[in-house]
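Peer 1: Need a 3D model of the following:
(chains A and B)
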Amino acid sequence: EDKVVQSPLSLVVHEGDTVTLNCSYEVTNFRSLLWYKQEKKAPTFLFMLTSSGIEKKSGRLSSILDKKELFSILNITATQTGDSAVYLCAVEAWGSGNTGKLIFGQGTTLQVKP
Amino acid sequence: NAGVTQTPKFRVLKTGQSMTLLCAQDMNHEYMYWYRQDPGMGLRLIHYSVGEGTTAKGEVPDGYNVSRLKKQNFLLGLESAAPSQTSVYFCASRKLRDWNYEQYFGPGTRLTVT
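Peer 2: You can find the predicted model right below:
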């Protein structure tokens, strides 16, 4: 059975700290891994990763994928209170019908204190 | 361009009542999805559609039905609501275009069944 596991489940840091969120997966016929940020409402897209070792970067956020060890990390440097959110990892697998279905992890709740 | 919209935003039902959640997207996306989100469990796929007139079961389909009569709309029905269906429901849509597989999410519907 395909599954995605995130760790830690929750994290409390202070402004300025650097955090690393983890996502491991067991998926048959892996296609891509996506990171989303969710602040009380709809998840918003952060990154899509399909190739190992290529870092994606957006401001203070960066992410990388390791397809050999089956995990991804999301780094946030110089955290701000606005980074407080639930961070979701999702994986898509190749399958018949090309359905685009995503398998989500449980999410990591990040709280950044001033 | 409104993106993905959901109605209603909130609803309280009594056990045994029925209701329909409406999802609409104006991005001409072929694929649409219904998820539910419960505390500590990430997002779980209920049903999905890969095109007008077609639907398929996801991870947790029991107790729900769906219809996709028009490309831009995806309806989620609860025929006889149960307290276990208390959750936040998210709709998402996606267009497969080369390697762009991002899903766009609606704002969510918070449903309470008493």
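Peer 1: Check which helix or strand the spatially most central residue of chain B maps to.
Peer 2: The centroid of chain B falls nearest to residue B:34 when counting by C-alpha atoms, centre = their mean (2.7 Å). Using DSSP states H and E, residue B:34 falls within strand B:31-37.
Peer 1: I'd assumed residue A:82 was in a strand, is it?
Peer 2: No: secondary structure assignment (DSSP: H, G, I helix; E, B strand; the rest coil) places residue A:82 in helix, not in a strand.
Peer 1: what's around it, how many residues?
Peer 2: When neighbours are defined as other C-beta atoms under 10 Å in any protein chain shown, residue A:82 has 9 of them. Every residue, glycine included, has its C-beta placed from N, CA and C.
Peer 1: Alongside chain A, which residues does chain B contribute?
Peer 2: B:4, B:31, B:33, B:35, B:40-45, B:48, B:50, B:56, B:58, B:90, B:94, B:96, B:99, B:101-108 (C-beta under 8 Å from any C-beta of the partner chain).
Peer 1: Are any of these buried, and if so which?
Peer 2: Neighbour counting by 16 or more other C-beta atoms under 10 Å in any protein chain shown classes B:4, B:31, B:33, B:35, B:42-45, B:48, B:50, B:58, B:90, B:94, B:101-106, B:108 among the residues of chain B next to chain A as buried.
Peer 1: Contact partners for the residue nearest to the centre of chain B?
Peer 2: Contacts here follow C-beta atoms under 8 Å, 6 or more residues apart in numbering or on different chains; on that basis residue B:34 touches B:21, B:23, B:45-48, B:58, B:64, B:66, B:74, B:76, B:89-91.
Peer 1: so how far is residue B:113 from it?
Peer 2: 17 Å (C-beta to C-beta, to the nearest Å).
Peer 1: Over to residue B:17?
Peer 2: From residue B:17 to residue B:113 the distance is 8 Å (C-beta to C-beta).
Peer 1: Which residues are in contact with each of those two?
Peer 2: residue B:81.
Peer 1: Looking at those two, which one has more neighbours?
Peer 2: Legend: neighbour count by other C-beta under 10 Å for residue B:17 and residue B:113, higher for residue B:113 (19 against 14).
Peer 1: close enough to count as contact, that one and residue B:63?
Peer 2: No: here residue B:113 does not reach residue B:63: they are 10.5 Å apart, not a contact under C-beta atoms under 8 Å.
Peer 1: Need the residues touching each of these two.
Peer 2: With C-beta under 8 Å, 6+ apart, residue B:113 and residue B:63 have common neighbours B:82, B:84-85.
Peer 1: what comes up buried for stretch A:41-50?
Peer 2: Those would be A:42-43, A:46-49, for stretch A:41-50 by 16+ other C-beta under 10 Å.
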